[in-house]
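K.L.:
got a predicted structure plus its sequence, pasted below:
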Amino acid sequence: MGPDMSGIKSANSIPARLAIGQHRCQKPAGILTHLFEGFRLADTANSHRFTSQGPLTGSLRIPGDKSISHRSVMFGALADGETRVTGLLEGEDVMATADAMRAMGAKIEKHGAEWRIQGVGAAGLTQPDHALDMGNSGTSTRLLLGLVAGHPITATFIGDASLSKRPMGRVIDPLSQTGAQFEASEGGTLPLTMHGATSAKAIEYRLPIASAQVKSAVLLAGLNTAGTTTVIEPTPTRDHTERMLRGFGADLHVEESGGERIIRLNGPAQLKPQNVVVPGDPSSAAFFIVAALLCEGSDLVVENVGLNPTRGGLITVLRQMGGHIEELNTREVGGEPVADLRVKHSKLIGIDVDPAIVPSMVDEFPVLFVAASLAKGTTRTSGLEELRVKESDRLSAMASALALCGADIEENADGLVIHGRDGDPLPGTTDGCVTTHLDHRIAMAMAVAGLASHKGVEIDDTSPIATSFPNFMELLEGAST
Ligand code: S3P
């Protein structure tokens, strides 16, 4: 049987997202039907109870990688000619990027399974005539701030309640050095208006935090800038920008020196249109991998999972904890290593997670915390300060959510310590429900907790799932039957 989908069938309206901190467990009268670009997403009520459904079996194909999808739309829009993209993630975040690129001159359309992007050239972005609505997406915002910085145009960026709390100072600082100017809201947040530089300056920037978004913003500002833009990365982060810019023909070189990565981009760049095939998102696969490990009797194949080493931390950690994850049919898709993963229910053991692995699984900690809650012994995590400035404060949100479900959990400034239940499912929620704080990954991680619980887990708002994994509910139902 699939998860409780009662009340979903009469879906007929799109409810407003809940504001941060707002707590509601009652199903509203209006239920969500979500449509865009002719693609029907999972029908979902705002609140939902996820309950144990038995083993997860069979195989499923997860949607396209979010990071690669954003970049394929942006780089396609900057190329000279038509880029074609298949496997694009059609989640709200990527659609926000596509809308912004359209507002700055690119033509982006879907034809069958393929997206066609008519690029404007790396110097060709035009002034948008309305504010760019970034929705919930930090990646859209920070990368596009970088892109606009190299163009003599003015653009206003707005977003939802979650995004409007997130720090933009981390990109405003380096981009100001290129000559761009900013009028941000208090604390360096959205709404924010930026004036791109008339003649941007190529800068050298050493990343003060391990962030692929900041790295990418600086590199993207260098695309329409004469000279060499240099980013020094003391801790490696996901390298999709470097791989893809090179694939689009940019003059970009990476050198490793003394444990640091030095990335040099010679501008101005000319990008050649490409045919891009987007591999499946390991960050989305993560929820099904952990669900299969936790639910007794599971034997599930998760197909088409991107295994770029800068993204593979969760699989390494789950294997260290005793998780059975086999790689089948390893291959290359769109220049990225990919495999199908066969995951079997496993007895997990708590470990101390090495903080050096954090950048390669920065988005996967919410679901790792769920896995740790059922492991034998204690799991200690540290070096996770960045989790406090994601779509929500993920340390505090997950500590509260798991505690509500009966987990034994301690919250530190930079991580969680979780005393596992040696395979016994979580009690689940009885009074009250989990608050997701407009954070898709909190919603999906706690959905997995519901599958691995005695009484089920009630979640206040599943609508944020559509930002990154529109068919999550459908796939979950399919794998549970
Ligand atoms: C992303 C980088 C990461 C990650 C985000 C996507 C990207 O953010 O959390 O979901 O596509 O570059 P940070 O750069 O803030 O770590």
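P.N.:
Perfect, thanks for sending it.

K.L.:
which bits of the protein sit near the ligand?
P.N.:
With Cβ under 6 Å from any ligand atom as the criterion, the chain meets the ligand at residues 67, 139, 211-213, 216, 238, 362-363, 386. Every C-beta, even on glycine, is put in place using the N, C-alpha and C of the backbone.

K.L.:
grab the nearest non-local neighbour of Gly87.
P.N.:
Ranked by Cβ to Cβ, 6 or more residues apart in numbering and with sequence neighbours excluded, the top spatial neighbour of Gly87 is Val278, at 3.7 Å.

K.L.:
so how far is Phe365 from that neighbour?
P.N.:
Counting by Cβ to Cβ, to the nearest Å, the gap between Val278 and Phe365 amounts to 24 Å.

K.L.:
the stretch 301-450 of the chain: strands as residue ranges?
P.N.:
324-333, 336-344, 378-380, 408-412, 415-419 (DSSP state E, counting those that start in this stretch).

K.L.:
which residues does the shortest one contact?
P.N.:
Strand 378-380 has contacts (Cβ atoms under 8 Å, 6 or more residues apart in numbering) with 321, 350-353, 368, 372, 415, 417-420.

K.L.:
what about 6 Å?
P.N.:
By Cβ atoms under 6 Å, 6 or more residues apart in numbering, the surrounding residues in contact with strand 378-380 are 350-352, 372, 417-419.

K.L.:
buried subset of these?
P.N.:
Among these, those scoring as buried are 350-351, 372, 417-419 (criterion: 16 or more other Cβ atoms under 10 Å).

K.L.:
save these as JSON lines, and put in pLDDT too.
P.N.:
Formatted as JSON lines, the buried ones among the contacts of strand 378-380 follow (pLDDT from 0 to 100):
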{"residue": "Gly350", "pLDDT": "98"}
{"residue": "Ile351", "pLDDT": "98"}
{"residue": "Ala372", "pLDDT": "99"}
{"residue": "Val417", "pLDDT": "98"}
{"residue": "Ile418", "pLDDT": "98"}
{"residue": "His419", "pLDDT": "98"}
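
K.L.:
just the residues you listed now: which is nearest the ligand?
P.N.:
Relative to the ligand, the closest of those is Ala372; by Cβ to the nearest ligand atom it sits at 19.8 Å.

K.L.:
count the neighbours of the residue lying closest to the closest one once chain neighbours are set aside for me.
P.N.:
Taking Cβ to Cβ, 6+ apart, and ignoring the residues beside it in sequence, Ala372 has Thr379 as its nearest neighbour in space, at 3.6 Å. Per other Cβ atoms under 10 Å, the neighbour tally for Thr379 reads 25.

K.L.:
one more: the one 3 residues further on?
P.N.:
Residues within reach of Ser382, counting by other Cβ under 10 Å, total 16.

K.L.:
same deal with Gln320?
P.N.:
When counting by other Cβ under 10 Å, one arrives at 15 neighbours for Gln320.

K.L.:
wouldn't it be in contact with Ile351 here?
P.N.:
Yes: counting by Cβ atoms under 6 Å, Gln320 sits close enough to Ile351 to count as a contact (5.4 Å).

K.L.:
state the helix or strand in which the residue in the stretch 51-200 of the chain that the ligand sits nearest to lies.
P.N.:
Distances between the stretch 51-200 of the chain and the ligand by Cβ to the nearest ligand atom are smallest at Ser67, namely 3.3 Å. Of the helices and strands defined by DSSP states H and E, Ser67 is found in helix 66-78.

K.L.:
and that helix, what's buried?
P.N.:
When burial is assessed from 16+ other Cβ under 10 Å, helix 66-78 yields the following buried residues: 66-78.

K.L.:
dump those residues to JSON lines, plus distance to Ser162 and pLDDT.
P.N.:
Below are the buried residues of helix 66-78 laid out as JSON lines (distance: Cβ to Cβ, whole Å; pLDDT from 0 to 100):
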{"residue": "Lys66", "distance to Ser162": "16", "pLDDT": "98"}
{"residue": "Ser67", "distance to Ser162": "18", "pLDDT": "98"}
{"residue": "Ile68", "distance to Ser162": "23", "pLDDT": "98"}
{"residue": "Ser69", "distance to Ser162": "20", "pLDDT": "98"}
{"residue": "His70", "distance to Ser162": "17", "pLDDT": "98"}
{"residue": "Arg71", "distance to Ser162": "22", "pLDDT": "98"}
{"residue": "Ser72", "distance to Ser162": "24", "pLDDT": "98"}
{"residue": "Val73", "distance to Ser162": "21", "pLDDT": "98"}
{"residue": "Met74", "distance to Ser162": "22", "pLDDT": "98"}
{"residue": "Phe75", "distance to Ser162": "26", "pLDDT": "98"}
{"residue": "Gly76", "distance to Ser162": "27", "pLDDT": "98"}
{"residue": "Ala77", "distance to Ser162": "25", "pLDDT": "98"}
{"residue": "Leu78", "distance to Ser162": "28", "pLDDT": "98"}
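
K.L.:
and of those, the nearest to Leu252?
P.N.:
Taking Cβ to Cβ as the measure, Phe75 is the one of the buried residues of helix 66-78 closest to Leu252, at 11.7 Å.

K.L.:
neighbours of the residue nearest to the closest one when sequence neighbours are not counted, how many?
P.N.:
Spatial nearest neighbour of Phe75, chain neighbours left out: Phe248 (4.9 Å); criterion: Cβ to Cβ, 6+ apart. Number of residues near Phe248 (other Cβ under 10 Å) recorded here: 25.

K.L.:
for the closest residue to Gly478 other than its chain neighbours, phi and psi?
P.N.:
Nearest-residue entry for Gly478: Leu60, 6.2 Å, with adjacent residues in sequence omitted and distances by Cβ to Cβ, 6+ apart. Note on Leu60: backbone dihedrals following degrees, to the nearest 10 are phi -150, psi 160.

K.L.:
contacts only, for Cys405.
P.N.:
426, 428-429, 449, 457.

K.L.:
chain neighbours aside, what residue packs nearest to it?
P.N.:
Leu426 (4.5 Å).

K.L.:
with Lys272 instead?
P.N.:
Nearest in space to Lys272, with sequence neighbours left out and distances taken as Cβ to Cβ, 6+ apart, is Gly249 at 4.2 Å.
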